[in-house]
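Predicted model, plus sequence, below.
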Amino acid sequence: MSTSVTTENVGITISNHLLLNQQYTTGATGSYTRLLQALVLACKIIQRDVAKAGLVDVLGRAGFVNVQGEEVQKLDELANTTVKRRLSASGEVCALVSEEEADIIEIPRQYPQGSYLVHYDPLDGSSNIDANVSIGTIFSIYRRLTPPTTDVAHADVLQKGIEQAGAGYVIYGSSCILVFSTGQGVNGFTLDPSIGEFLLSHPNIKTPERGKIYSINEGNANYWDEPTKKYIDWIKTGYEEHRVHYTSRYIGSLVADFHRNLLYGGIFLYPADTKDPKKPQGKLRLMCEANPLAYIIEQAGGLATTGRERIMDIEPKHIHQRTPLIIGSPEDVRAYEQFVAGKRG
């Protein structure tokens, strides 16, 4: 899907935006647009539930752990069910993969089988729910590779990030913002609750070449490798060389930290560490967190890497694979890569 968004389009609904761009896409059938519209509806429902937190019984633990070994929050489960139901009913997907579920989610037989697959994190940052910190939904869209007459294969589900047909995220915070890309730039839409519509508010987002913000959990500093320790020391003390007064900003909600740095510039780091022997590659998931955000940042002019490899070039081995993630303004990310390569230090 191409895009022709300009500042003159600010304020148009996301539905009109999708339909406007569909007409510029050769061979468009409307299936991709219908898929995105189903995602939009799911996110409106989740926003409604998040806004009621504290008023109805949606806060707190659900009483079980997910496939990642993490305690599931009630809103986690609500969000996961909402996305699953809305996308299944769209008729445009052949399978789903959720951070919250161990296996590939098959589409119920009563729904048509579509030609897309979606990986998603239904509620990123859910451990912050009770504290009213911004949380979000992250999604990644792929086209099916195998014939529709066959069962969905691992080749369909385990595609590299460069094969994404689109990606995006929604932040549920002081306002509800949807940011997505279909491969021709990045646009942001803000939900107007008075009319129940997402309106274009951030056309053609471009991240700055260099920022002044670094985002990393410094509580894990003792578990970092030496290049990461040296890079953070350089960020803090190397003004004579980098000529930037960096400021630490770390919310602890990936989607919120990423969104701020996307707009203002800077770098988010979740490197591999030795804190948890069960997670030697760090905490973040390749398919439902790192790949979609890497797609967004590259479309906005930034970079995403492990420190040694472009995120979207990683060959996935399983659906819940973890990866280090260094993402943000291109000059900041390149500087980190130089420390990893031993060119600085």
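Right, received. Where do you want to start?

pretty sure Tyr172 is touching Lys52, no?
No: the pair Tyr172 / Lys52 is not scored as a contact, 11.5 Å apart, by CB atoms under 8 Å. To be clear about C-beta, it is placed using only N, CA and C from the backbone, and glycine gets the same treatment.

between these two, who's got more neighbours?
Neighbour tally, Tyr172 and Lys52, criterion other CB atoms under 10 Å: the higher count belongs to Tyr172, 28 against 13.

send the alpha carbons of stretch 324-339 over as CSV?
The C-alpha trace of stretch 324-339 is given here as CSV (Å, rounded to 0.1, in the frame of the first residue of the first chain):
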residue,chain,number,x,y,z
PRO,A,324,18.6,-7.6,22.2
LEU,A,325,17.1,-4.3,20.9
ILE,A,326,19.0,-1.0,20.3
ILE,A,327,16.7,1.3,18.4
GLY,A,328,16.3,5.0,17.7
SER,A,329,18.0,8.0,15.9
PRO,A,330,20.5,6.8,13.4
GLU,A,331,23.6,8.6,14.7
ASP,A,332,22.9,7.4,18.2
VAL,A,333,22.5,3.8,17.1
ARG,A,334,25.7,3.9,15.0
ALA,A,335,27.7,5.2,17.9
TYR,A,336,26.6,2.2,20.0
GLU,A,337,27.5,-0.2,17.2
GLN,A,338,31.0,1.4,17.1
PHE,A,339,31.5,0.5,20.8
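
Report the distance from it to the chain centre.
Centre-to-centre, stretch 324-339 and its host chain are 18 Å apart (CA atoms, centre = their mean, to the nearest Å).

What mean pLDDT does it get?
Regarding stretch 324-339, the rounded mean pLDDT is 97.

Now that stretch: buried residues?
In terms of neighbour count (16 or more other CB atoms under 10 Å), stretch 324-339 has its buried residues at 324-333, 335-337, 339.

Can you give me the end-to-end span of stretch 19-36?
One end of stretch 19-36 to the other measures 11 Å (CA to CA, to the nearest Å).

Let me know the helix or strand that Thr81 is in.
Under the criterion of DSSP states H and E, Thr81 resides in helix 74-90.

So what's the gap between that helix and the chain middle?
17 Å.

Pull out the buried residues from stretch 151-169.
Buried-residue list, stretch 151-169, by 16+ other CB under 10 Å: 152, 156-161, 164-169.
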